[in-house]
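S.K.: What would the 3D arrangement of this be:
(2 chains)
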Amino acid sequence: MVVSRLRPILEDKGAMAGLGVILLFCLMALLAPWIAPHDPTTQNVRDAFQGPGARYWFGTDEFGRDVFSRVIHGARPALMIGVFSVVLSVVLGMPLGMLAGFVGGRFDTAVSAVVDVMMSFPSLLLALMVVTLLGSAPSMVVLAIGISHVPVFVRLARSSTLVVRELDFVAASRSFGARTGHILRRHVMPNVIGPTIVMATLGIAGAIREEAGLSFLGLGIQPPAPSWGNLIRDGVNAILHAPTLALLPGLVLTASVLAFNIVGDSVRDMLDPHDIAAAAAKRDRAR
Amino acid sequence: MISRRRLGGLAATMGVAALARPGILRAQQLAPEQVMQVGFPVADTGTLDPHIAVSNADVPIVQQVYEGLLALPHGALDATQLSPGLAERWESSPDRKVWTFHLRRGVRWHGDFGEFSSADVLFSLERVRGTTLGSPFRGTLANIAKAEADGPLTVRITLQHADVGFPALMVNHQAGYVVCKRAVEQGVNLRSRPIGTGPFRFEAHRARERLTLAAHDAYWGGRPVLRQIVYHFMPDNATRELALRSGDIDLTALPARQDAVDRARAQNQIVDLTDVGNLVTIHINMKKPPFNDVRVRRALAHGIDRQNLSDFFGKDIATPQLSVVSAALGGHTTDIPLYAYDVDRAKALLAEAGHPNGFATEVICSSIDLYLPMMQLMQEQWKKIGFTMNLRVVDHPTYHRLIRQDLSPLVAYSAARYPTVAQPYLDQFFHSAAAIGKPTAITNFSHYGNGMPGIDDLLDKARYSTDAAEQNRLWAEAQRRIATEVAALPLYSVKYALARNRRVDLTFTQKNYVFYGFSRTSRLLRA
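M.R.: Down below sits the predicted model:
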């Protein structure tokens, strides 16, 4: 059963490649202290701006720090912030959206108005505002990106709930005297969780990108700790004479965002009822 | 046989030719379009009011528009070589307390603001000295008892204390700039529309894009050769470097790094390294624990590897400095307690101060090139002695706001002061009156002398001393006390790296200004 549900992913070479890349980055993040060839923060000024080579695979930055080791360690904040900020968004956004959609009335109007206002700002700008107010510790960056993504999940959960609440089984549950919390948990949530997972997978890619954006602007991970964003920023300063300093971390960032997007698409295909029905029909025809 | 008449004719012809040749040559060499394209290393200007402007984003532009009674040499902040400016000549009473300036006749203000006169000079002096404007140069003119006009072309200034160096304050720099009284009275906002007497007048400003100056053809010194100077706001280093290479701009500022200098030279650009005596220092807030313990401050001093800093920025750029008065300033001494780089000694001092395992503190740091790389180097150096400096990086204007709210226990500050002697620097950074939080605050981030013994007595004596040797002795003693108490950590003096293409003929040597300036004769040659 599980294998058959996972079939769209297992049969999709792109999705498998994406999963492979994500797995690779997860391993990089977990094993960074053991697999990085050099300490990511140790300076060696006399080795500044060394090009890629046998000793320094990705070259060195202006302080003579090994860029490859910094890229490996940069996977930690990227994945940590990417995943936790999306978890935070889901935890805050999904219940609020379900409640607004199910209860309706003034509460729904108020929640929708706030969400509309928040969505009128680009999420990076919202995150910038939060970081400026709360500081740029990693936990604050998680909070900033998490809050900026909440409206997406509120809106998604609300729209799914609006459909589900009109269905017969919900009406039946109500007629048996079930409480709102029970209905939301037992009947609404299972129908909302699928699209939320899809959005969360895609959201991780966005969150990684935003963490890199904040760090690029100097508001995310603070020096000397490496993050892909501040590596790119440092590299941009030397773009004319050492272009690999920005290019290589940029490629790594692109690969990770792309991987999450591809996997997210595949998860969407997997959970899409139309695709599931079409796949079943196809299998039936094949028999 | 050549007749006398013919000989005379030949000589006259040769003379004319000799005279004409440089002119012809010059005319041939001049570029057809005399518009200087400047890659200006900031996002925009802040204020163009000469009595407020202190930033490198403003001062180089102000310098082209305004003048003082006396003129500094072009490209040099050198008070020993003053020449007539808006005043044709000047003299003092034998006791050096009354200074008389005889003004130049027929000087025209930019626009329709008529002729310059003594009323403008008196107005300008009052503007700086008064409290309404809040000029940062107010203290510079504190010695003036009264200023009066003797007709439209004579100004007499009486000082409270004799000052042989007073003319050095009446120059085209900071407090000495003369603004147009009539323009201000007519409501012209000098912050955005400067009205001066200089060779270039303000023409247009497009925010965050460019600012244009045009030639002031009625300039008293003659018609400027350059017809326009266009300052393109280009804060990004790589963009400016590329623009200079491609010829889109004629000159710019390079990052203060050896590799940038070497690249510009390799591209056949002319690099001008200007030493403005800019000292990079970390000021320690002596009131905030654990930095209120002198052993901790001495530990930090022993943890500094200045050679490492110098290696990072490069031999042409950074010179290690041991005293808080840079070697480029008069009154500098190294006859002070010195703290050699010694990690073990630093650790021992920290242990003695109750921090055997070191300690951590958050320090606010500006994101600009002048500070962030240096603070990252210091972060790494101090990590070795057990001091973890957690940097909180903010943009530069925010940095200036936060450090003036006393929010950072360590404050990195790069500064030079004018006149180029120890007094103004020590006054602004170490006199108790300049301590942050006081109504008279300037830049005393260490709070040295504020509720603790300091150097006020020495500075107050030295300020109006007419005995140069005594002044030097007092300044040296002040440096010794600062070093003993480690109120601040002098690191290195930094040169500004400027680059121009070979078409630019400044017609003077760029010595110690932070950015390129232009004289009436500066010009562009054919490529």
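S.K.: ok now stretch A:180-198, how far from the chain's centre?
M.R.: Here stretch A:180-198 is found 21 Å from its chain centre; the criterion is C-alpha atoms, centre = their mean, to the nearest Å.
S.K.: Which residues does it contact?
M.R.: A:90, A:94-95, A:97-99, A:102-103, A:153, A:156-157, A:160-161, A:163-165, A:169-170, A:173-174, A:178, A:264, A:267-268, A:271 (C-beta atoms under 8 Å, 6 or more residues apart in numbering or on different chains). Just so you know, the C-beta spots here come from the backbone N, C-alpha and C atoms, and that holds for glycine as well.
S.K.: what's the nearest residue to B:Gly114 if we skip its chain neighbours?
M.R.: If the residues on either side of it in the chain are set aside, B:Gly114 comes closest to B:Arg182, at 6.4 Å by C-beta to C-beta, 6 or more residues apart in numbering or on different chains.
S.K.: Distance check, the one you found against A:Ser159.
M.R.: According to C-beta to C-beta, to the nearest Å, B:Arg182 stands 67 Å off from A:Ser159.
S.K.: Neighbour count for the two, which is higher?
M.R.: Comparing B:Arg182 with A:Ser159 by other C-beta atoms under 10 Å in any protein chain shown, the one with more neighbours is B:Arg182, at 18 against 14.
S.K.: Name the SS class of the more buried one, please.
M.R.: In the three-state summary, B:Arg182 is assigned as helix, counting by DSSP: H, G, I helix; E, B strand; the rest coil.
S.K.: Also B:Asn390?
M.R.: Secondary structure of B:Asn390, reduced to three states by three-state DSSP: strand.
S.K.: tell me the phi and psi of the spatially closest residue to it that is not a sequence neighbour?
M.R.: The shortest distance from B:Asn390 to any residue other than its chain neighbours is 4.7 Å, reached at B:Glu362 (C-beta to C-beta, 6+ apart). Geometry field for B:Glu362 lists phi and psi as phi -90, psi 130, criterion degrees, to the nearest 10.
S.K.: do A:His149 as well
M.R.: In this entry, A:His149 is assigned phi and psi values of phi -100, psi -10 (degrees, to the nearest 10).
S.K.: Now do it: how many residues are near it, please.
M.R.: The local packing count at A:His149 equals 28, with neighbours defined by other C-beta under 10 Å.
S.K.: dump the residue contacts of it.
M.R.: Taking C-beta under 8 Å, 6+ apart, one finds A:85-86, A:89, A:93, A:123, A:203, A:206-207 in contact with A:His149.
S.K.: circling back to that earlier point, hang on, the residue nearest to B:Asn390 packs against B:Val394?
M.R.: No - shown here, B:Glu362 and B:Val394 do not form a contact pair, counting by C-beta atoms under 8 Å, at 11.6 Å.
S.K.: Compare those two and say which one has the larger neighbour count.
M.R.: Set B:Glu362 next to B:Val394 and count neighbours by other C-beta under 10 Å: B:Val394 wins out with 21 against 17.
S.K.: average pLDDT for the strand or helix carrying A:Gly194?
M.R.: Using DSSP states H and E, A:Gly194 sits within helix A:189-216. Confidence over helix A:189-216 (mean pLDDT, whole number) is 92.
S.K.: Give the buried residues for it.
M.R.: Within helix A:189-216, the residues that count as buried by 16 or more other C-beta atoms under 10 Å in any protein chain shown are A:189, A:191-216.
S.K.: go on, stretch B:446-455?
M.R.: So, applying 16+ other C-beta under 10 Å, buried residues of stretch B:446-455: B:446-450, B:454-455.
S.K.: With stretch A:40-54 instead?
M.R.: Along stretch A:40-54, the positions that meet the burial threshold by neighbour count (16+ other C-beta under 10 Å) are A:40-41, A:43-45, A:47-48, A:50, A:52.
S.K.: now swap in stretch B:387-397 and tell me
M.R.: Burial within stretch B:387-397, assessed by neighbour count using 16+ other C-beta under 10 Å, is assigned to B:387, B:389, B:391-394, B:396.
S.K.: for it, what is the average pLDDT?
M.R.: On average, the pLDDT along stretch B:387-397 is 90.
S.K.: That one: how far from the chain's middle?
M.R.: With C-alpha atoms, centre = their mean as the basis, the distance from the averaged C-alpha position of stretch B:387-397 to the chain average is 25 Å.
S.K.: Only C-alpha atoms, please: export it in PDB.
M.R.: Coordinates of each C-alpha in stretch B:387-397 appear next as PDB, following Å, rounded to 0.1, in the frame of the first residue of the first chain:
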ATOM      1  CA  PHE B 387      37.500  36.300  24.600                       C
ATOM      2  CA  THR B 388      34.600  35.400  22.400                       C
ATOM      3  CA  MET B 389      33.400  38.500  20.600                       C
ATOM      4  CA  ASN B 390      29.900  37.800  19.100                       C
ATOM      5  CA  LEU B 391      29.400  40.300  16.400                       C
ATOM      6  CA  ARG B 392      26.100  41.800  15.700                       C
ATOM      7  CA  VAL B 393      26.400  43.300  12.200                       C
ATOM      8  CA  VAL B 394      24.200  46.300  11.300                       C
ATOM      9  CA  ASP B 395      24.200  48.800   8.500                       C
ATOM     10  CA  HIS B 396      26.500  51.800   8.900                       C
ATOM     11  CA  PRO B 397      23.900  54.500   9.800                       C
END
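S.K.: so the residue nearest to B:Gly114 sits right up against B:Glu115, yeah?
M.R.: No - counting by C-beta under 8 Å, B:Arg182 sits too far from B:Glu115 to count as a contact (9.8 Å).
S.K.: Spit out the residues that contact those two alike.
M.R.: The overlap between the contact sets of B:Arg182 and B:Glu115 (C-beta under 8 Å, 6+ apart) consists of B:Trp109.
S.K.: where does the stretch 51-200 of chain A come near chain B, residue by residue?
M.R.: Proximity of the stretch 51-200 of chain A to chain B (C-beta under 8 Å from any C-beta of the partner chain) is limited to residues A:62-63, A:135-136.
S.K.: The residues you listed: which two are farthest apart?
M.R.: Largest separation among those by C-beta to C-beta: A:Glu62 and A:Gly135, giving 26.2 Å.
S.K.: higher neighbour count, the two?
M.R.: Remark: of A:Glu62 and A:Gly135, A:Glu62 carries more neighbours, 21 against 16, as counted by other C-beta under 10 Å.
S.K.: That one should be in a strand, yeah?
M.R.: No - counting by three-state DSSP, A:Glu62 is not found in a strand; it is coil.
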